[in-house]
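Engineer: sharing a sequence plus its predicted fold:
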Amino acid sequence: MPPITSGCAGCKLPFPKRNEYLACSLCKLKYDLTCASVDSTTFSSMNTQQKSKWICPECCCKQPKTGNTNTPVRQAAAGLAVVPAAGNPDSSNVDANPKQKKQTMEPASSPTPARWEGKEEMSSALKATIQRLVADKLQSINEELASFRNSMNFYDEKYESMKKTAEEQRVTIAELTNENQQLRTSVSDLQARVNIVEVHMRECNIEINGVPENRAENLINTVVVQLSTVIKSPVTTDDIQTVTRVAKLSEDNDRPRAIIAKFRTPRLRDTILAAVSKFNKDNVKDRLSSQHLGIGGHRFPVFVAEHLTPAAKKLHAATRMKARELSYKYVWVRNGRIYARKDD
């Protein structure tokens with residue numbers, strides 16, 4: 001007899017639980033419930049006697065296969081006497097009527113075709129059910145694919161439309177960029193030309209700053225004629241075309257408004273500017289002020305210069321700031337242009 005192993009003789013693995021196994025009554029080998037083809041419910045319902053008579057599948061296969069020709073029914077049908085085996089009390093319990101025995105035994109073999117027919121019907125019904133379910137599922141998948149295809153076509157049309165619009169906008173932007181560049185060039189050219197025109201329009205003008213304002217002031221006689229007399233370069237009222245005050249660039253500035261005087265010729269303007277410069281150089285401690293113009297009250301310095309354009313004024317202010325940083329000694333204006341010199 002083969003030795004009894006501690007594990008399953010079929011799968012060679014330890015038993016999952018301590019007492020859940022079956023021992024073969026012939027070979028004495030132990031098998032777990034899986035290898036013994038017995039579920040847990042059947043195993044729990046088996047008593048000790050049933051477990052002790054259990055035969056493993058391997059021993060069942062080794063048992064000889066015999067026909068049913070030696071059964072009492074077949075012997076009786078063949079006209080043979082049935083002799084009970086000696087010492088076998090069960091062999092005496094045989095019906096003497098073979099026809100009745102045949103009728104009794106026939107129903108045991110009759111369910112086989114019915115079971116096969118039932119299995120075929122179940123198989124056919126199961127196949128039909130599976131086909132129906134698969135067909136329904138495929139129909140649903142086809143519908144989803146059709147919906148997805150429609151969505152993709154819609155988005156493809158939208159994408160093509162957006163792509164076309166983007167291309168048109170790109171062309172438009174390129175055209176606008178070129179046009180903007182041309183306009184910038186034209187504006188720069190026009191600004192340069194306007195500056196030149198403004199310089200020519202102001203070539204007869206002088207700008208006087210620092211003169212106090214008075215409601216009843218006479219700018220021609222009080223300012224311009226008196227100024228020309230002080231600097232020893234007299235002019236007449238016929239030499240003056242217009243004299244007026246101009247608005248301030250910033251309302252926060254408390255200085256009086258500037259006076260713009262326009263002469264008949266640029267040469268006369270240059271003569272006045274040269275005379276003012278000479279007067280200030282000759283009178284360093286008593287430069288031109290409001291008292292020289294016959295205006296009473298507090299003494300205010302008076303500055304006379306060319307009438308510059310707004311762009312030239314900004315450039316003049318920036319030039320003076322940079323000249324102080326770089327220690328330039330002279331900064332002056334001549335005919336609307338700003339000049340600078342480091343030293344004498």
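Structural biologist: Noted; the coordinates are in hand.
Engineer: who touches D39 in this structure?
Structural biologist: Neighbouring residues of D39 by C-beta atoms under 8 Å, 6 or more residues apart in numbering: L33. For every residue, glycine as well, the C-beta is placed using N, CA and C.
Engineer: the chain - how does it break down into domains?
Structural biologist: Domain assignment for the chain by automatic domain parsing gives 21-82+92-108, 110-201, 203-307.
Engineer: check the ones you listed for me and report the most buried one.
Structural biologist: domain 203-307 (a mean of 15; mean count of other C-beta atoms under 10 Å).
Engineer: would you mind measuring the gap between the ends of that domain?
Structural biologist: Criterion C-alpha to C-alpha, to the nearest Å; first-to-last residue distance in domain 203-307 is 8 Å.
Engineer: same thing with stretch 226-238?
Structural biologist: Taking C-alpha to C-alpha, stretch 226-238 runs 15 Å from one end to the other.
Engineer: ok now that stretch, how far from the chain's centre?
Structural biologist: Distance, stretch centre to chain centre, for stretch 226-238: 76 Å (C-alpha atoms, centre = their mean, to the nearest Å).
Engineer: cool, and stretch 235-252?
Structural biologist: Using C-alpha atoms, centre = their mean, the offset of stretch 235-252 from its chain centre is 62 Å.
Engineer: stretch 131-143 too?
Structural biologist: With C-alpha atoms, centre = their mean as the basis, the mean position of stretch 131-143 lies at 39 Å from the chain mean.
Engineer: format the domains of the chain as JSON lines; extra columns: mean pLDDT.
Structural biologist: Output for the domains of the chain, formatted as JSON lines (pLDDT from 0 to 100):
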{"stretch": "domain 21-82+92-108", "mean pLDDT": "67"}
{"stretch": "domain 110-201", "mean pLDDT": "87"}
{"stretch": "domain 203-307", "mean pLDDT": "89"}
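Engineer: take the ones you listed and write them to JSON lines, including distance to R320.
Structural biologist: JSON lines is the format used below for the domains of the chain (distance: least, C-beta to C-beta, whole Å):
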{"stretch": "domain 21-82+92-108", "distance to R320": "106"}
{"stretch": "domain 110-201", "distance to R320": "19"}
{"stretch": "domain 203-307", "distance to R320": "12"}
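Engineer: of all those, which lies closest to K329?
Structural biologist: domain 203-307 (14.6 Å; C-beta to C-beta).
Engineer: tell me the secondary structure at the closest residue to L29 other than its chain neighbours.
Structural biologist: Nearest non-adjacent residue to L29, counting by C-beta to C-beta, 6 or more residues apart in numbering: A9, 3.9 Å away. State at A9, reduced to three classes by DSSP: H, G, I helix; E, B strand; the rest coil: coil.
Engineer: residues contacting A9?
Structural biologist: Residues near A9 by C-beta under 8 Å, 6+ apart: 29-31, 35, 56.
Engineer: can you tell me the SS state at R184?
Structural biologist: Secondary structure, three-state DSSP: R184 is helix.
Engineer: and it, how far from N178?
Structural biologist: R184 sits 11 Å away from N178, going by C-beta to C-beta, to the nearest Å.
Engineer: cool, and F279?
Structural biologist: Here the criterion is C-beta to C-beta. By it, F279 lies 57 Å from N178.
Engineer: C-terminal to the helix or strand where E179 lies, what's the next element?
Structural biologist: Taking DSSP states H and E as the definition, one finds E179 inside helix 111-201. Heading C-terminal from helix 111-201, the first helix or strand you meet, by DSSP H and E, is strand 205-209.
Engineer: remind me what the following helix or strand past that next one packs against, helices and strands.
Structural biologist: Using DSSP H and E, the helix or strand that follows strand 205-209 towards the C-terminus is helix 226-230. When contacts are defined as 3 or more C-beta pairs under 8 Å, 6 or more residues apart in numbering; DSSP states H and E, helix 226-230 sits against helix 266-282.
Engineer: list the contacts of the helix it packs on.
Structural biologist: For helix 266-282, contacts defined as C-beta under 8 Å, 6+ apart pick out 203-206, 227-228, 230-233, 235, 239, 263, 287-288, 304-306.
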